[in-house]
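Peer 1: Fold the following for me, if possible:
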Amino acid sequence: SFGGGEISMLRWFLLLNCSLFLLLGCSLKEDSAMLLKPLAKIEKPLSVNMLWSRYDSNGFGDNNNLMKPVVTGQEVFTVDQDGRVRVYHKSNGDYLWSLFLNQSVANGLAKSGNYLIIGTVTGNVVAVDVKRHIIIWEHKVSSEIVETPIINKNLVIVRSGDGKVVALDLLSGKQSWVYA
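Peer 2: Predicted structure coming up:
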């Protein structure tokens, strides 16, 4: 016996050699990620002109990139931490409409068709009808929405701070399932 177990010395030796072979094999193999090719020279650089710019206050400051706008068709949708949804015209930045949720927003927003979905710090999932500019449903989950909601077909998928993944019906806000 070897080391108090019933493994024979020959098996132990083979196991050790195979393990070393696998470890060394990985380090001896030429790593293609380490071979960097030189960057191609840019012959004709593109120039970019800013068409417009807007400042939406209280988007968690410069160190947080959770409040990304959603661009669909000719509209740009934004939301800030205080729950102000603002919509601008994509080509010229003209202000189109806004809605105040009266809730602190946890992160970004998602859009599908006429539905804009927003998660809050108190665990509310809020659906806004973008044609009528009104809240059409709210659904409370177990804790803060920690990631931007995802819309897949007619389901709104959110992840809460306690690790649960919840699927809600896009049209009604009713819970379809929970994965805990």
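
Peer 1: what residue lies at the spatial centre of this protein?
Peer 2: residue 148 (4.9 Å; Cα atoms, centre = their mean).

Peer 1: Torsion angles phi and psi at that residue?
Peer 2: For residue 148, the backbone dihedrals are phi -60, psi 130 (criterion: degrees, to the nearest 10).

Peer 1: Quick check: it vs residue 174, distance?
Peer 2: From residue 148 across to residue 174, the span is 21 Å (Cβ to Cβ, to the nearest Å). In short, each C-beta sits where N, CA and C put it, glycine included.

Peer 1: Output stretch 92-101 as PDB - backbone C-alpha positions only.
Peer 2: This file holds the C-alpha atoms of stretch 92-101, laid out as PDB (Å, rounded to 0.1, in the frame of the first residue of the first chain):
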ATOM      1  CA  ASN A  92     -31.800  65.500 -34.200                       C
ATOM      2  CA  GLY A  93     -32.000  64.800 -30.400                       C
ATOM      3  CA  ASP A  94     -35.300  66.700 -30.100                       C
ATOM      4  CA  TYR A  95     -37.100  65.900 -26.800                       C
ATOM      5  CA  LEU A  96     -40.300  63.900 -27.600                       C
ATOM      6  CA  TRP A  97     -41.800  62.900 -24.200                       C
ATOM      7  CA  SER A  98     -41.000  61.800 -20.700                       C
ATOM      8  CA  LEU A  99     -42.500  59.800 -17.800                       C
ATOM      9  CA  PHE A 100     -41.600  59.900 -14.100                       C
ATOM     10  CA  LEU A 101     -41.900  56.500 -12.500                       C
END
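
Peer 1: how about the strands in the protein?
Peer 2: Shown for the chain, the strands assigned by DSSP state E span residues 70-72, 75-79, 84-89, 95-100, 105-112, 115-120, 124-129, 134-140, 150-152, 155-159, 165-169, 175-179.

Peer 1: Between strand 134-140 and the fourth one, find me the angle.
Peer 2: Orientation of strand 95-100 against strand 134-140 (axes from the mean of the first three to the mean of the last three Cα atoms, to 10 degrees) gives an angle of 40 degrees.

Peer 1: Then the second one?
Peer 2: With the same axes, to 10 degrees as the criterion, the two stretches strand 75-79 and strand 134-140 enclose an angle of 40 degrees.

Peer 1: now the longest one
Peer 2: What separates the directions of strand 105-112 and strand 134-140 is an angle of 120 degrees, with the same axes, to 10 degrees.
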